[in-house]
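Asks: Next come a sequence and a model predicted from it.
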Amino acid sequence: MTLTPATMPSAYEIDAWRRIREWKDEPPSRPSGFSRLVQRPFHRAGDAVLNLPWVGGLVERTFEGLVGVLSDAARYTVRPAAVWQRAGRKTGREVTAAEHLRALPLETIDALLRPLPRKYFSLAAVEGAGTGFLGVWGIPADIMAVVGLNLRAVGEYATTCGFDIEREPERLFAMHLLTLAGSVDPGDRAAEFAELDDLAGKLAGRHAWHDLEKQVFFTVLRRIAKMLGVRITRAKIAQILPAVGLAAAGSFNALYTRRVCRAAFFLYRERLLVEKYGADPGVF
């Protein structure tokens, strides 16, 4: 059975687009309750401790580790066939290729995405609490683990929405999504959205990936590794505070993973709608 996309957006898709725009216009962080308590020392402690002489080596080890994690294509991937199989079982249709997924109604895609946040939140919280026992010296390993986990999460969102995460441009999109999730400054957030919008436009236009751009890929990868390393180390440094270290380790990882999953949910669905209709569905 061949699937074909609808010629006009549904009311569900128009409402989804409205929610995507609202999310993009939100302030970068609205913590409440325990999340606010946990986040408060991250930046205060982080800014102070990052200025200590010995922290430079910690950040450098984190940076080098992240270069390896981000450049490892296997970290991003899930088995497309498994995703297609799950979609086929849910819809009762033949789903044997990425284009079949892109042709499904957005309601169906959303149903496939719905279990992912809980799955990855749980894994992140467990991993963070485990490495929290190691204190400050466990930070590089902890960051590499949580970034690797979130690359897998982004890969599953991308694959479920019908995008090929094994392509280098798609991996760049995933990396920028990770830095967006770690942004607390409105200027940083705006810059990441600009990068993501530019990449999404090129990917939608099936922009050719030239050798020169492949070289740029590794330059951008190292820049993102440095940015992620500094931002997450600043947050993770709260683990050295004895009173909150273990709780903060698990809470930060879960909070960061929540942001990654939320960003992936909105941004890949946005791309899906743009590719499907060629414009903001709200204009119909």
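Replies: Now that the structure is in, tell me what you want to look at.

Asks: Verify the contact between Leu123 and Leu149 for me.
Replies: Yes - the pair Leu123 / Leu149 is scored as a contact, 5.9 Å apart, by CB atoms under 8 Å. All C-beta atoms are positioned from the backbone trio N, CA, C, and that covers glycine.

Asks: Quick check: neighbours shared by the two?
Replies: Residues touching both Leu123 and Leu149 (CB atoms under 8 Å, 6 or more residues apart in numbering): Thr257.

Asks: tell me, what residue is most central in the protein?
Replies: Nearest to the geometric centre of the chain sits Val260, at 3.8 Å (CA atoms, centre = their mean).

Asks: Check that one and give its pLDDT.
Replies: For Val260, the model assigns a pLDDT of 96.

Asks: Secondary structure element for it, which one?
Replies: helix 245-277 (DSSP states H and E).

Asks: In that helix, which of the residues would be classed as buried?
Replies: Buried positions in helix 245-277, judged by neighbour count with 16 or more other CB atoms under 10 Å: 245-261, 263-277.

Asks: What of stretch 163-182?
Replies: 163, 165, 169-182.

Asks: In helices, which of the residues you listed appear?
Replies: 169-181 (DSSP state H).

Asks: Just the closest of the buried residues of stretch 163-182 to Arg114, please.
Replies: Phe163 (18.2 Å; CB to CB).

Asks: Quick check: that closest one touching Glu99?
Replies: No - if you go by CB under 8 Å, Phe163 and Glu99 don't touch, sitting 10.8 Å apart.

Asks: quick one: what helix or strand has the closest residue to Ala254 other than its chain neighbours in it?
Replies: Once flanking residues are discounted, Ala254 sits nearest to Ala125: 4.3 Å by CB to CB, 6 or more residues apart in numbering. Using DSSP H and E, Ala125 sits within helix 116-132.

Asks: Could I get the buried residue list for whichever helix or strand comes after that helix?
Replies: Downstream of helix 116-132, the next assigned helix or strand under DSSP H and E is helix 139-160. For helix 139-160, burial by neighbour count (16+ other CB under 10 Å) applies to 139-140, 142-160.
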